[in-house]
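**Student:** pasting the structure only:
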């Protein structure tokens, strides 16, 4: 069984590589069977490998820095199939997989070996038949192409009209373009202190957040700024935050803006916090908010924008400026207090926005299940709106967001 990889983008577009091996190594280093080139900086040196298992192939990510995606979904280990799109590193090389079974290979070889046995008379008959059928076939082809074109145009025109729920949807690239500049990196320094005030431990945690007002209000998780409430210290110790800093995408860590805790939920059970910064002149605000859970359904596609792994990712990539990362998934279940997601999230993603295909925030990413890395949870954004009340003034989609705030202030769901 052979695997064929066809480059779909970049300078190697159209280039194909075929392998007949039990294991196919993939990466930037030249010792890989499928070497993607040292210039592909989003690809790790030894990024992934594909192993043949009976009559199918299985892809394994080898702990790459920027991940491996199958049809846009980040995976660690997954079976792959004919025509799957494989992306090595977010924004990296994109290849289409082709699979040819041993039977297909043998059949092709048999045809090739027997091509010379076709007699001249047989060829002449085929040519003659093709000539006589050419005119009728030509008109048939023209009619089919015209029908397909009309059907395609009609489908494009009718699709949003027949399915109102899909109106206004955009690609995830467009979702990111409209929102990423409002998603911030948050770093909090903590101390654990004894009753007499003696500091025993000092440490830091990182997370994500997003700007919701021109006054400089930032929504995030409570545990990002009050870690000791969720990771209980030893008896006799209590915690405190000594510094909270916010960094916007495209900036260096030394360009951080000091933040203060503006508002917290009444208890740690609801993992939300509102921070306040002095807003810069070019402040970006999240594109929109979707607080009505009736508009979020099981199976809806979503994206999370944030800073997975925090500063560790920055060190691994060698970058000196912070940039957002985007992960995609689907809504698994919707409840009053939580939205369950089929999505892989990491430390550092906490507090980041979960966005639908209309580019609107439906929730705040808060946790995943350690034993099931593809299960994550977010808090519906309406909970943050209740905290904000009427004090927050939103930019885009003013009428809708104003109604969200008014509903929040009245405490209705």
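**Tutor:** Looks like it arrived, so ask away. As the structure is a prediction and not an experimental result, all values here were calculated from the model. Numbers count the residues shown, from 1 in each chain.
**Student:** could you pull out the strands for the stretch 151-300 of the chain?
**Tutor:** Remark: strands assigned in the stretch 151-300 of the chain by DSSP state E, counting those that start in this stretch are 183-193, 199-211, 217-220, 238-247, 257-264, 273-277.
**Student:** strand partners of the last one, parallel vs antiparallel please.
**Tutor:** This means strand 273-277. strand 217-220 (antiparallel), strand 257-264 (antiparallel) (DSSP bridges).
**Student:** now the spatially most central residue of the chain, nearest residue through space, not along the chain?
**Tutor:** Nearest to the mean C-alpha position of the chain, by C-alpha atoms, centre = their mean, lies residue 327 at 1.7 Å. Using C-beta to C-beta, 6 or more residues apart in numbering and skipping the chain neighbours, the partner closest in space to residue 327 is residue 304 (4.9 Å). (Each C-beta comes from the backbone N, C-alpha and C, glycine too.)
**Student:** give me the beta-bridge partners of the one you found?
**Tutor:** Where residue 304 sits in a bridge, its partners, by DSSP bridges, are residue 327, residue 354.
**Student:** returning to what we had before: quick one: contacts for the residue nearest to the centre of the chain?
**Tutor:** Applying C-beta atoms under 8 Å, 6 or more residues apart in numbering, we find residue 327 in contact with 74, 303, 304, 308, 343, 344, 345, 349.
**Student:** same thing but at 10 Å, please
**Tutor:** Applying C-beta atoms under 10 Å, 6 or more residues apart in numbering to residue 327 gives the contacts 67, 69, 73-74, 90, 172, 302-306, 308, 341, 343-346, 349, 352, 354, 365, 376.
**Student:** Sort out which of those residues are in strands and list them.
**Tutor:** When DSSP state E is applied, the contacts of residue 327 are split such that 69, 73, 74, 302, 303, 304, 305, 306, 341, 354, 365, 376 fall in strands.
**Student:** wait, doesn't the fifth one sit right on residue 176?
**Tutor:** Yep, that's residue 303 we're talking about. Yes. At 7.1 Å, residue 303 counts as touching residue 176 under the criterion of C-beta atoms under 10 Å.
**Student:** Overlap in contacts, those two.
**Tutor:** Taking C-beta under 10 Å, 6+ apart as the criterion, residue 303 and residue 176 both touch 326, 355, 359.
**Student:** okay, the residues you listed in TSV with distance to residue 242, neighbour count and pLDDT next?
**Tutor:** Shown next, in TSV, are those (distance: C-beta to C-beta, whole Å; neighbours: other C-beta atoms under 10 Å; pLDDT from 0 to 100):
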residue	distance to residue 242	neighbour count	pLDDT
326	32	20	91
355	32	30	95
359	36	23	92
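**Student:** with these in mind, which one is nearest to residue 332?
**Tutor:** residue 355 (16.2 Å; C-beta to C-beta).
**Student:** quick one on the thing from earlier: out of residue 303 and residue 176, which sits in the more crowded spot?
**Tutor:** Neighbour count, other C-beta atoms under 10 Å: between residue 303 and residue 176, residue 303 has more, with 22 against 19.
**Student:** Now do the contacts for the more buried one.
**Tutor:** Residue 303 neighbours (C-beta under 10 Å, 6+ apart): 72, 172-173, 175-176, 179, 326-329, 343, 352-357, 359.
**Student:** pLDDT weak spots in the stretch 1-150 of the chain?
**Tutor:** Scanning the stretch 1-150 of the chain for pLDDT under 70 picks out 102-150.
**Student:** Could I get the full set of strands for it?
**Tutor:** 2-7, 16-19, 23-27, 34-35, 48-53, 56-61, 68-70, 73-75, 77-80, 85-88, 94-100.
**Student:** Columns mean neighbour count on top of these, output as CSV?
**Tutor:** As requested, those are exported to CSV (neighbours: other C-beta atoms under 10 Å):
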stretch, mean neighbour count
strand 2-7, 17
strand 16-19, 14
strand 23-27, 20
strand 34-35, 18
strand 48-53, 18
strand 56-61, 17
strand 68-70, 21
strand 73-75, 19
strand 77-80, 15
strand 85-88, 21
strand 94-100, 17
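**Student:** Including distance to residue 221, could these go into a markdown table?
**Tutor:** Shown next, in a markdown table, are the strands of the stretch 1-150 of the chain (distance: least, C-beta to C-beta, whole Å):
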| stretch | distance to residue 221 |
| --- | --- |
| strand 2-7 | 40 |
| strand 16-19 | 44 |
| strand 23-27 | 35 |
| strand 34-35 | 40 |
| strand 48-53 | 32 |
| strand 56-61 | 27 |
| strand 68-70 | 26 |
| strand 73-75 | 21 |
| strand 77-80 | 29 |
| strand 85-88 | 29 |
| strand 94-100 | 33 |
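**Student:** closest to residue 227 out of those?
**Tutor:** strand 73-75 (26.3 Å).
**Student:** The closest one - contacts with which helices or strands?
**Tutor:** Strand 73-75 sits against strand 56-61, strand 68-70, strand 85-88, strand 325-334, strand 372-380, with contacts defined as 3 or more C-beta pairs under 10 Å, 6 or more residues apart in numbering; DSSP states H and E.
**Student:** thinking in terms of the whole chain, how far from its middle is that strand?
**Tutor:** 8 Å (C-alpha atoms, centre = their mean, to the nearest Å).
**Student:** Paired strands for it, with orientation please.
**Tutor:** According to DSSP bridges, strand 73-75 forms sheet pairs with strand 68-70 (antiparallel).
**Student:** Quick one: residues in contact with the strand it pairs with.
**Tutor:** Here strand 68-70 has contacts from 26, 43-44, 47-48, 59-62, 74-81, 84-92, 94, 97, 327-328, using C-beta under 10 Å, 6+ apart.
**Student:** now stretch 311-322
**Tutor:** For stretch 311-322, the external contacting residues (C-beta under 10 Å, 6+ apart) are 41-42, 44, 64-66, 89, 184-185, 187, 204, 206, 247-256, 307, 309-310, 323, 325, 346-348.
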